[in-house]
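Student: Need coordinates for the following:
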Amino acid sequence: MSFGVMLAVLAAAFLNAAWNTSVKLLPDKFIAISLIMFGAGAVSLPFALLGLAVAPAAYPFLALSALLQVIYCVLINRAYHTADLSLAYPLIHSARADHSGGGFLAGKIRPARYLAAALVVGGLAMLRLA
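Tutor: Here you go, the predicted structure:
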């Protein structure tokens, strides 16, 4: 692994920890998540304006990605209002069947991942019914 890649991974880990700490410490989780998303947008905007041109064929995918991100943030907000971060965070991140984001669409999910997802969903259902 090159030094640049290692720095990028460490920076991402730091930002993730800072994000989780902010959400944990601020009493209003919606405000915390909103501030984080607006901050990410503010940091990303100059790169988007100066960066690569996006082909018009990609616009629907960008719109879908933005919509899914909003839905994800709304669901995270709801989870953090329902349960403590120490419970909600691992469940949210272990419930994703494929961390690359394209596993369902590409059909690359192994049977063991279906079992893992079923166990997580079953565990959540049991927690809800308890």
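
Student: Could you report the neighbour count for residue 111?
Tutor: 7 (other Cβ atoms under 10 Å). All C-beta atoms are positioned from the backbone trio N, CA, C, and that covers glycine.

Student: before we move on, what about residue 29?
Tutor: With other Cβ under 10 Å as criterion, residue 29 counts 19.

Student: Which residues are in contact with it?
Tutor: By Cβ atoms under 8 Å, 6 or more residues apart in numbering, residue 29 lies in contact with 23, 77, 80-81.

Student: again, 10 Å this time
Tutor: The contact partners of residue 29, by Cβ atoms under 10 Å, 6 or more residues apart in numbering, come to 22-23, 76-81, 85, 88.

Student: May I ask which two of those residues are separated the most?
Tutor: Spatial extent of the contacts of residue 29 (Cβ to Cβ) is set by the pair 22 and 78 at 17.7 Å.

Student: Identify the residues contacting stretch 75-82?
Tutor: Against stretch 75-82 from outside (Cβ under 10 Å, 6+ apart): 23-24, 28-34, 85, 87-89, 91-92, 128.

Student: Produce a PyMOL select command limited to the buried residues of the residues you listed.
Tutor: In PyMOL, this line selects whichever of those come out buried by 16 or more other Cβ atoms under 10 Å:
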select buried, resi 23+29+32+33+85+88+89+92
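
Student: of the contacts of stretch 75-82, closest to residue 72?
Tutor: residue 92 (8.9 Å).

Student: could you flag which of the contacts of residue 29 are buried?
Tutor: Buried among these by 16+ other Cβ under 10 Å: 22-23, 76-77, 79-80, 85, 88.

Student: What is the lowest-pLDDT residue among those?
Tutor: Minimum pLDDT for these is recorded at residue 85 (70).

Student: so that one touches residue 33, yeah?
Tutor: No - checked against Cβ atoms under 10 Å, the pair residue 85 and residue 33 is beyond contact range at 11.6 Å.

Student: what is in contact with those two at once?
Tutor: Shared contacts of residue 85 and residue 33, counting by Cβ under 10 Å, 6+ apart, come down to 23, 76.

Student: Where does pLDDT dip in this protein?
Tutor: The model of the chain has pLDDT under 70 over residues 51-52, 91-110, 112-113, 127-128, 130.
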